[in-house]
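**Student:** no sequence for this one, just the structure:
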């Protein structure tokens, strides 16, 4: 007998490709299907059908896990949407600057569990009933907060002790990381900053959609309340 391999012998790759192209092949080859056995990890042999059922079962479990993950995400998004809706309505319904500040701080504290919030508005005078908000002139802000008066988008991450002290005068020893968004409507209106004691809580790589969105709402509410 020759030791050379027959040139007409099918390779495993050719057999695999043929079966992929003809998945109905075993329907007409029941006797062959019954004789096929695949080695099991336990050392025992199982039929091809049993192996297929096992693969399908594993895929079904994986799909259920994926579906469960999608459902959990949808529920979390529903909760986030509801909280955001309440906040936006509270901001839009504010009759004065004090109402707006109260709605913002209450939502950030109660609904979103923001540890520290700082709202700095650029104004030459302090309206009545503003509450815990800092109002400084734009001229002074450019001196004390030069970096943030020039912001055009939301920033997240760790900031210098000098920056955090300007943004959070009372809480700055506890500040680990911040998210800061500029407020403007054709002209600078102020700065909205939130912070956490965890240095990695607000990372430079994280999404800023939520804070930027709240900033956009404030940009439309503040001009009429600060005039």
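**Tutor:** Thanks, I have the structure now. As the structure is a prediction and not an experimental result, all values here were calculated from the model.
**Student:** Against residue 106, how distant is the closest residue to residue 112 other than its chain neighbours?
**Tutor:** Residue nearest to residue 112 in three dimensions, not counting chain neighbours: residue 83, with 6.6 Å by C-beta to C-beta, 6 or more residues apart in numbering. All C-beta atoms are positioned from the backbone trio N, CA, C, and that covers glycine. For residue 83, the distance to residue 106 equals 11 Å [C-beta to C-beta, to the nearest Å].
**Student:** Residue 85 now?
**Tutor:** From residue 85 over to residue 106 (counting by C-beta to C-beta), the distance is 15 Å.
**Student:** Please identify which of those two sits among more neighbours.
**Tutor:** The neighbour count for residue 85 versus residue 106, taken as other C-beta atoms under 10 Å, is higher for residue 106 (13 against 10).
**Student:** for the more buried one, what are its contacts?
**Tutor:** Taking C-beta atoms under 8 Å, 6 or more residues apart in numbering as the criterion, residue 106 is in contact with residue 90.
**Student:** Need the three-state assignment for it.
**Tutor:** helix (DSSP: H, G, I helix; E, B strand; the rest coil).
**Student:** packing partners for the longest helix seen in the chain?
**Tutor:** Ordering each helix of the chain by length in residues (DSSP state H) puts helix 48-92 first. On a contact count with 3 or more C-beta pairs under 8 Å, 6 or more residues apart in numbering; DSSP states H and E, helix 48-92 meets strand 37-39, helix 97-106, helix 209-226.
**Student:** Of those, flag the one that's most buried.
**Tutor:** Looking across these with neighbours counted as mean count of other C-beta atoms under 10 Å, the highest average goes to helix 97-106: a mean of 19.
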